[in-house]
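*Asks:* no sequence for this one, just the structure:
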């Protein structure tokens, strides 16, 4: 099972607006509502506002228009969102068009224009929130979003180029992002035996080095769950970033054991690997034996067949290959063996100090001692 971890990115959007009066204007409550929405939904976006009023400035509305035009003409990065009266749409619109930005209409008394590169799906939520919150106003104006895509960098390892899921997963996300105007691009660095001499253990060491040095080179890490304890301290608690109902999708299964670190959800599963036990049907039928359904049946059947074959000078037969090597696959085999000793099919993964885990390890030793070749 591989897991995915996201590292937190906070986006601050700066806006400017003008009102004759500090009280009873729509901008401050609108900003407050959006920031509340952002916090509840973990958007990681904070919207700031510079509210120009008669109380804090000598600007009149015409002077405000001239001020905005000056900022836009100079391509100033001071503000991402501009609130203005719709009479200025033609006057300001060319600044948006020159930057290949889109615009949409809204029934509000002012409009906003995003002038920087801080936009992604959350910005679209921001824009929608502005439109919805101000729809009760009596006059019309237009809203423009200016910005560039956010690139999210990911790293993954696979022994093979073909048959791995990381590339199609990345492609599917980018297609989804484009269709839904998320303004997010996922960029994958896929390490394979075809382009690197790294093996899985070296990949783990490479990731550990990147994280320990706080290089911030990647935003998403794909890794095997055996490294959760090693990497977990470097990542945010996803419970604070994702809705509770989403986390609850994983709490009843093995994910609660392999995706958590010190009580934090530091990762989510993207796939599950299944190990299959193959049986030699020729030998089973030869000795009138059935496919084993328990570890004791496997031990007894294997012991009987290997002893009979040795009588016929077949000394090369392996009774059971449990794949208990010194690499990652050996650890996975032990974990799977322990999991098979849970009390019921719906029981969670046993604790390593539990009776189930102890019995599982004892059974591995028993099989090794009695039918090892």
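*Replies:* Here it is on my side, so go on. As the structure is a prediction and not an experimental result, all values here were calculated from the model.

*Asks:* pLDDT of stretch 204-221, averaged?
*Replies:* Averaged across stretch 204-221, pLDDT comes to 88.

*Asks:* same question, stretch 175-192
*Replies:* When pLDDT is averaged over stretch 175-192, the result is 92.

*Asks:* Now the terminal residues of it, how far apart.
*Replies:* Between the start and the finish of stretch 175-192 there is a gap of 24 Å, counting by Cα to Cα, to the nearest Å.

*Asks:* Give me the buried positions along it.
*Replies:* Across stretch 175-192, burial judged by 16 or more other Cβ atoms under 10 Å covers 177, 182-186, 188, 190-192. No exception for glycine: its C-beta is placed from N, CA and C like everyone else's.

*Asks:* want to try TSV for these, with distance to residue 35 and secondary structure as columns?
*Replies:* Shown next, in TSV, are these (distance: Cβ to Cβ, whole Å; DSSP: H, G, I helix; E, B strand; the rest coil):
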residue	distance to residue 35	secondary structure
177	25	helix
182	21	coil
183	20	coil
184	21	strand
185	26	strand
186	27	strand
188	33	strand
190	38	strand
191	40	strand
192	44	strand
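
*Asks:* What is the most widely separated pair among these?
*Replies:* The widest separation within these, taken as Cβ to Cβ, falls between 183 and 192 and amounts to 29.6 Å.

*Asks:* Is the nearest residue to residue 220 once chain neighbours are set aside bridged to anything, and to what?
*Replies:* Once flanking residues are discounted, residue 220 sits nearest to residue 154: 3.9 Å by Cβ to Cβ, 6 or more residues apart in numbering. Beta-bridge partners recorded for residue 154 (DSSP bridges): residue 188, residue 220.

*Asks:* quick one: contacts for residue 343?
*Replies:* Residue 343 is in contact with residue 356, counting by Cβ atoms under 8 Å, 6 or more residues apart in numbering.

*Asks:* Look up how far residue 360 lies from it.
*Replies:* 12 Å (Cβ to Cβ, to the nearest Å).

*Asks:* Then residue 69?
*Replies:* 73 Å.

*Asks:* Between the two, which has more neighbouring residues?
*Replies:* Per other Cβ atoms under 10 Å, whichever of residue 69 and residue 360 has more neighbours is residue 360, with 22 against 15.

*Asks:* what's the pLDDT at that one?
*Replies:* 96.

*Asks:* Now do the buried residues in the helix or strand that contains it.
*Replies:* According to DSSP states H and E, residue 360 maps onto helix 355-371. Within helix 355-371, the residues that count as buried by 16+ other Cβ under 10 Å are 356-357, 360, 363-364, 367, 371.

*Asks:* Next, count neighbours for residue 259.
*Replies:* 25.

*Asks:* Please enumerate the helices of the stretch 51-200 of the chain.
*Replies:* Along the stretch 51-200 of the chain, the segments classed as helices by DSSP state H, counting those that start in this stretch run 61-73, 89-97, 121-133, 166-179, 200-212.

*Asks:* Those: lowest mean pLDDT?
*Replies:* helix 121-133 - the lowest mean pLDDT of the helices of the stretch 51-200 of the chain, at a mean of 39.

*Asks:* Any idea how many residues pack against the nearest residue to residue 298 once chain neighbours are set aside?
*Replies:* Excluding its sequence neighbours, the residue lying closest to residue 298 (Cβ to Cβ, 6+ apart) is residue 292, at 3.9 Å. A count of nearby residues for residue 292, using other Cβ under 10 Å, gives 17.

*Asks:* just checking, residue 292 touches residue 279?
*Replies:* Yes. Using Cβ atoms under 8 Å, residue 292 is in contact with residue 279, at 7.4 Å.

*Asks:* Look up how far residue 264 lies from residue 169.
*Replies:* Here residue 169 is placed at a distance of 24 Å from residue 264 (Cβ to Cβ).

*Asks:* Kindly report the same for residue 293.
*Replies:* Distance of residue 293 to residue 264, computed by Cβ to Cβ: 39 Å.

*Asks:* These two: who's more crowded?
*Replies:* Using other Cβ under 10 Å as the criterion, residue 293 and residue 264 rank with residue 264 on top: 16 against 8.

*Asks:* So what pairs up with the more buried one in the strands?
*Replies:* residue 261.

*Asks:* Give the closest residue to residue 257 in space, chain neighbours not counted.
*Replies:* Distances taken as Cβ to Cβ, 6+ apart place residue 349 nearest to residue 257, at 4.5 Å, with adjacent residues excluded.

*Asks:* next one: residue 176
*Replies:* Spatial nearest neighbour of residue 176, chain neighbours left out: residue 182 (7.5 Å); criterion: Cβ to Cβ, 6+ apart.

*Asks:* Would you mind confirming that the one you found makes contact with residue 174?
*Replies:* No. The pair residue 182 / residue 174 is not scored as a contact, 9.4 Å apart, by Cβ under 8 Å.

*Asks:* Please tell me how far the residue nearest to residue 220 sits from residue 172.
*Replies:* 13 Å.

*Asks:* And those two? Which one has more around it.
*Replies:* Higher neighbour count among residue 154 and residue 172: residue 154, with 21 against 12, using other Cβ under 10 Å.

*Asks:* OK, contacts around that one?
*Replies:* 166, 170, 186-189, 218-222.

*Asks:* so which of these comes closest to residue 57?
*Replies:* residue 219 (40.3 Å).

*Asks:* Please give me every residue in contact with the residue lying closest to the closest one once chain neighbours are set aside.
*Replies:* Nearest-residue entry for residue 219: residue 152, 4.7 Å, with adjacent residues in sequence omitted and distances by Cβ to Cβ, 6+ apart. Residues near residue 152 by Cβ under 8 Å, 6+ apart: 184-187, 219-220.
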